[in-house]
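Enquirer: Just the structure for this:
(2 chains, ligands or ions: 2)
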Amino acid sequence: MNNLQQITTDFSNEHTSQKNLWLQGIRDAASERLKALQLPTQKTEDWKYLKLEELLADEQLDVQSMQVRNSKSDDDIDELLSQSLIKDLNAYRLVFVNGVFVNGLSHLDSNPYSTLFSEANTAQQQLIVDHLDTSHNYYHDYFSSLNSAQLEDGLLIHIPEHCEVDKPFYIVNLTQGDQPKTNMMRLLIIAETGSKATIIEHEDAPLKHTSMVNTVIECFVNDKAHITHSRLQLDESVTSICNHRVKQGHHSTYQQHQISLASKLKRNDLTVSLQGEYASNDIRGSFYGRHQQTIDNHICMQHIAPNCSSNEVFRGLVDDQANAVFNGRIHIHPNAQKTLAELSNKNLLLSSTATINTKPELEIYADDVRCSHGATVGQINSEALFYLQSRGIPRVEAKRLLSLAFIAEIVEQLPHNSVREFVTQRSSSLLSSLHHEGER
Amino acid sequence: MLNVKNLKAKIDGKEILKGLNIEVKPGEVHAIMGPNGSGKSTLSNVLAGRDNYDATDGTVMFEGKDLLTLLPEDRAREGIFLAFQYPVEIPGVSNLEFLKTSLECLHTYQKKPLLSAVEFMKLAREKCRLVDLDTGFLKRGVNEGFSGGEKKRNEIMQMLMLEPKLCLLDETDSGLDIDALKVVADGINQLRSPDRSFILITHYQRLLDYVQPDFVHVLADGKIIKSGGSELALELEEKGYSWLESGTEQSANPLKV
Ligand SMILES: Nc1ncnc2c1ncn2[C@@H]1O[C@H](COP(=O)(O)OP(=O)(O)OP(=O)(O)O)[C@@H](O)[C@H]1O
Ligand SMILES: [Mg+2]
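Expert: Ligands and ions are numbered 1, 2, ... in the order given. The predicted structure follows:
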């Protein structure tokens, strides 16, 4: 029996937290759901490309709930932070190290929009309880239910009506020291009517320490609200399962950027529900896998209201024996007339032993819609490679330039100069280290 | 400088070059003319080291080195430059980044001091002006969306930046308007020096009016079938190739083995 299954059966009696009793209802409901759920296997349609039990076999899945530390961190962490953070980013910074919120490194006091669940006032508690686990009701997922069932703390970002937040939220999740337990991360974003904000999430493990993280993100983008949300998953040593759900009201926009490095296992489930008319959703993503890494992206675009638009552009780079999955589903409900939905996933296989499974799925129940989708898998253009080589650029360097060029279209869309530069720099040095010696 | 002896080459198993000989000494300008499909681009690609262009016989010596054993990037670093007949578009890699990387690679190999960012920009702008390309081109993707003529001028711009020893120009004069032809010719003439050589592959006399070749060769069916001085180009312009092809067997070519 897998560790995870063990937990599922055990925790309902023993594991139940005494902390934050006002969350008990959420935990109980999730525990109830979990009774009917099991660790997904390859027979589960949405998980069929992953040998999940194998991938998780070594993980110690005892749960480490979110915690808070008020003291300033030790020198190690300061050092780690100084070398891994995005420089010159004027932002509301919120730092977690191994799932522990580090108050001393965060700007919580000057930030009127964020609170930890554990520090929420009565009104905020009500807001949290009203929203948690309501962003999506199409299916109940095992890992997110596990997250809810063990929920002790979380981060709330609440942007009041018509408020335009003056600077971005910069949420940093660092792994330091090999972590035996699974960290539970929970993020709740509520953008009230007409509000506007930018969120930048940055997951990193600069010293390549290992851990497992089970993340749930819920975003409520109310009518006429505009959210830009960038997720930088740069932690190659971290096994991560992330459920990200977005619910949009009318005339709202949600722009997402996702830069993901694969790891032993990285699974990203993103579900968007376009609930109000004229909502628009735009996702630009790139992912990169090497060695024996795995990355699995499952995106589900739910067009519920009429006149909404969605655009998904994903670029994948897969090298060595890495295994990547891209599953992009567009579901257009009967009422969603005049939908405009586009999806493109292009992939570059950098080695003959890498694999990519890419699958757009369309379910269309309305007749007046415009919908396009395309997926390609290709190799580095040999003409371009030769052209660069003929100018004295070594093959490995030429490959690096062409790989970067392939994702440039995504990286260029990132908000803030400093974020773009940071990502460009990181991908550039990453790609130059990857092509092994002697590979011609 | 370059000595090609009895070169035979295949593309995808099909023999294209069938025993080709040519010798280029420092400072010389050679023109190669010949019918479509005769193997001119194949020769330039084999010399530059393109994959799938397999030299099956013969030797190519460049400044005493066996060229055929070198990787394309090393040939470039040794001083060979190919101006492509069809320059490749590379969206996402800016001209600037491309030129900078290329120049750094060459200078490092040649043990020359690297240029500072400012020196590099100054040089790049200057060379752009020489070939009449707006410096805005530097920011764009390599050849991305360039017109045919702009691509050709960009090849010359790169040649001016990299200052190779042996320049192979594969129909750089094709598809150019009269002013652009002059720009390309000026670019070549500017680089002419006693220790730099050129092989100009062309279909037209026009370019040779501006850049006087020392030798003109006719390449047909994978071999040089006739060589002569610059007057040969005029003769070809007038008579075409048919008078030569019928007489391929007669050994009018002193370079033929
Ligand atoms: N991949 C290939 N497989 C088979 N034959 C090829 C391949 N590439 C080129 N060839 C053939 O090789 C021959 C020589 O081509 P090449 O491009 O060298 O001609 P060229 O002399 O440069 O012609 P042009 O004046 O039209 O540029 C042509 O018949 C061409 O079709
Ligand atoms: Mg040709």
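Enquirer: And the helices in the chain?
Expert: All of this refers to chain A. Assigned by DSSP state H, the helices in chain A fall at A:3-11, A:24-35, A:52-56, A:75-84, A:122-131, A:142-149, A:382-389, A:395-411, A:417-434.
Enquirer: that answer is for a different chain, and I need it for chain B
Expert: Counting by DSSP H, the helices of chain B are B:40-48, B:72-78, B:95-109, B:117-130, B:148-162, B:178-191, B:205-210, B:231-239, B:242-245.
Enquirer: my read: B:K151 touches B:N143, true?
Expert: Yes. B:K151 lies in contact with B:N143 (C-beta atoms under 8 Å); the separation is 5.2 Å. C-beta: built from backbone N, CA, C; applies to glycine.
Enquirer: about what we covered before: A:E218: which of the helices of chain A is closest?
Expert: Nearest to A:E218 among the helices of chain A is helix A:122-131 (6.8 Å), distances taken as C-beta to C-beta.
Enquirer: For the helices of chain B, give me TSV that also has mean neighbour count and mean pLDDT.
Expert: Below are the helices of chain B laid out as TSV (neighbours: other C-beta atoms under 10 Å in any protein chain shown; pLDDT from 0 to 100):
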stretch	mean neighbour count	mean pLDDT
helix B:40-48	24	96
helix B:72-78	23	96
helix B:95-109	20	94
helix B:117-130	14	94
helix B:148-162	22	95
helix B:178-191	17	92
helix B:205-210	17	91
helix B:231-239	15	85
helix B:242-245	14	74
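Enquirer: Those: which one's closest to ligand 2?
Expert: Ligand 2 lies closest, by C-beta to the ion, to one member of those: helix B:40-48, at 3.1 Å.
Enquirer: Could you pull up the residues touching residue 219?
Expert: The chain I'm using is chain A. Residues in contact with A:C219 (C-beta atoms under 8 Å, 6 or more residues apart in numbering or on different chains) are A:135, A:189, A:191, A:227, A:229, A:244-247, A:254.
Enquirer: look at chain B instead
Expert: Neighbours of B:L219 in contact, by C-beta under 8 Å, 6+ apart: B:20, B:32-34, B:38-40, B:43, B:225.
Enquirer: Keep these, but drop any that are not near ligand 2.
Expert: Contacts with ligand 2 within the contacts of B:L219, counted by C-beta under 5 Å from the ion: B:K40.
Enquirer: Tell me which entries of the contacts of B:L219 lie within strands.
Expert: B:20, B:32-33, B:225 (DSSP state E).
Enquirer: And the residues you listed, which is the shakiest by pLDDT?
Expert: Checked by pLDDT, the ones in strands among the contacts of B:L219 have B:I225 as the lowest-scoring entry (91).
Enquirer: Surely it and B:W243 touch.
Expert: No. Between B:I225 and B:W243 there is no contact under C-beta under 8 Å: 11.1 Å.
Enquirer: Check what pLDDT the residue lying closest to B:R196 once chain neighbours are set aside gets.
Expert: Closest residue in space to B:R196, ignoring its immediate chain neighbours: B:K165 at 5.8 Å, by C-beta to C-beta, 6 or more residues apart in numbering or on different chains. As predicted, B:K165 sits at a pLDDT of 96.
Enquirer: and if you look at A:E53?
Expert: A:E53 carries a pLDDT value of 81.
Enquirer: Find the centremost residue of chain B, please.
Expert: Taking C-alpha atoms, centre = their mean, the centroid of chain B lies closest to B:L168, which sits 1.6 Å from it.
Enquirer: Is that residue in contact with B:F81, as I believe?
Expert: Yes. Between B:L168 and B:F81 there is a contact under C-beta under 8 Å: 6.8 Å.
Enquirer: So among the ones in strands among the contacts of B:L219, which ones count as buried?
Expert: B:20, B:32-33, B:225 (16 or more other C-beta atoms under 10 Å in any protein chain shown).
Enquirer: for those, which one is nearest A:V272?
Expert: Of all those, A:V272 sits closest to B:I32, with 59.9 Å by C-beta to C-beta.
Enquirer: Report the separation between the closest one and ligand 2.
Expert: B:I32 sits 10 Å away from ligand 2, going by C-beta to the ion, to the nearest Å.
Enquirer: try A:H416
Expert: From A:H416 to ligand 2 the distance is 47 Å (C-beta to the ion).
Enquirer: I'd like to know how many residues surround the residue lying closest to that residue once chain neighbours are set aside.
Expert: Of all residues not flanking A:H416 in the chain, A:L89 sits nearest, at 6.4 Å (C-beta to C-beta, 6+ apart). Using other C-beta atoms under 10 Å in any protein chain shown, A:L89 has 17 other residues around it.
Enquirer: correct me, but A:L89 touches A:V172?
Expert: No. When contacts are counted by C-beta under 8 Å, A:L89 is not listed as touching A:V172 (10.5 Å).
Enquirer: quick revisit: can I get the ones in strands among the contacts of B:L219 in CSV with distance to A:D58?
Expert: Shown next, in CSV, are those (distance: C-beta to C-beta, whole Å):
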residue, distance to A:D58
B:L20, 61
B:I32, 64
B:M33, 68
B:I225, 70
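Enquirer: nearest to chain A, of the residues you listed?
Expert: B:I32 (18.5 Å; C-beta to the nearest C-beta).
Enquirer: OK, contacts around that closest one?
Expert: B:22, B:40, B:43, B:199-202, B:216-219, B:224.
Enquirer: ok, now A:D269?
Expert: A:46, A:141, A:242-244, A:298-300.
Enquirer: ok, 6 Å please
Expert: Counting by C-beta atoms under 6 Å, 6 or more residues apart in numbering or on different chains, A:D269 makes contact with A:243, A:298.
Enquirer: Need the per-residue pLDDT for it.
Expert: 95.
Enquirer: What residues are bridge-paired with it?
Expert: Per DSSP bridges, the residues bridged to A:D269 are A:N243, A:H298.
Enquirer: if I look at it, how far off is A:Q255?
Expert: 19 Å (C-beta to C-beta, to the nearest Å).
Enquirer: Please report the distance of the closest residue to ligand 2 within the stretch 201-350 of chain A from B:L244.
Expert: With C-beta to the ion, the shortest gap between the stretch 201-350 of chain A and ligand 2 falls at A:L348, namely 29.3 Å. The gap separating A:L348 from B:L244 is 47 Å, by C-beta to C-beta.
Enquirer: what do you get for A:T253?
Expert: Taken as C-beta to C-beta, the span from A:T253 to B:L244 is 69 Å.
Enquirer: what does A:I157 give?
Expert: 79 Å.
Enquirer: And for B:I225?
Expert: 6 Å.
Enquirer: for A:T182, same thing?
Expert: A:T182 is 79 Å from B:L244, by C-beta to C-beta.
Enquirer: A:Q425 now?
Expert: For A:Q425, the distance to B:L244 - C-beta to C-beta - is 58 Å.
Enquirer: ditto for A:H131
Expert: Taking C-beta to C-beta, one finds A:H131 at 84 Å from B:L244.
Enquirer: do A:A262 as well
Expert: 60 Å.
Enquirer: Report pLDDT for residue 220.
Expert: All of this is about chain A. 98.
Enquirer: actually it's chain B I care about, not the one you picked
Expert: Looking at B:A220, its pLDDT is 93.
Enquirer: likewise A:S12?
Expert: We note a pLDDT of 42 for A:S12 in this prediction.
Enquirer: burial count for B:E144?
Expert: Residues near B:E144, counting by other C-beta under 10 Å: 14.
Enquirer: tell me the contacts of it?
Expert: When contacts are counted by C-beta under 6 Å, 6+ apart, B:E144 touches B:89, B:91.
Enquirer: circling back: taking the ones in strands among the contacts of B:L219, tell me the two that lie furthest apart.
Expert: B:L20 and B:M33 (14.2 Å).
Enquirer: Perfect, I'm done here.
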